[in-house]
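# Sequence first, predicted coordinates after that:
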Amino acid sequence: MPVPHESQPAEPPSWAIRQAISDLPEGSETSVVMALARDLADAAAERFDERHDEYDDPDQGGES
């Protein structure tokens, strides 16, 4: 069974790490912080991709 984030870069963006630290209880393990930071970065990238795609959809008034 593959490990989640196995193909991900070793360290998520610094903004995601800061957000994860602030979201988790004080004293959380580093691995937990890094996992949440990767999830936050992945979610942000997905939102960005979806927002970009809406402009390319001719049914939504975008370019074809």
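That came through fine.
# What segments of the chain are helices?
In order along the chain, the chain carries the following helices (DSSP state H): 14-23, 30-54.
# Using CSV, lay out those helices together with mean pLDDT and mean neighbour count.
For every residue, glycine as well, the C-beta is placed using N, CA and C. Formatted as CSV, the entries for the helices of the chain read as follows, by pLDDT from 0 to 100; neighbours: other CB atoms under 10 Å:
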stretch, mean pLDDT, mean neighbour count
helix 14-23, 97, 14
helix 30-54, 87, 13
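# which residues does Ala44 contact?
In this structure, Ala44 makes contact with Ala16, judged by CB atoms under 8 Å, 6 or more residues apart in numbering.
# For the nearest residue to Leu36 once chain neighbours are set aside, give me its contacts.
Nearest-residue entry for Leu36: Ala20, 4.0 Å, with adjacent residues in sequence omitted and distances by CB to CB, 6 or more residues apart in numbering. Taking CB under 8 Å, 6+ apart as the definition of contact, the neighbours of Ala20 are 33-34, 36-37, 40.
# could you redo these as JSON lines and give each row distance to Arg47?
Rendered in JSON lines, the data for the contacts of Ala20 read as follows (distance: CB to CB, whole Å):
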{"residue": "Val33", "distance to Arg47": "21"}
{"residue": "Met34", "distance to Arg47": "21"}
{"residue": "Leu36", "distance to Arg47": "16"}
{"residue": "Ala37", "distance to Arg47": "16"}
{"residue": "Leu40", "distance to Arg47": "11"}
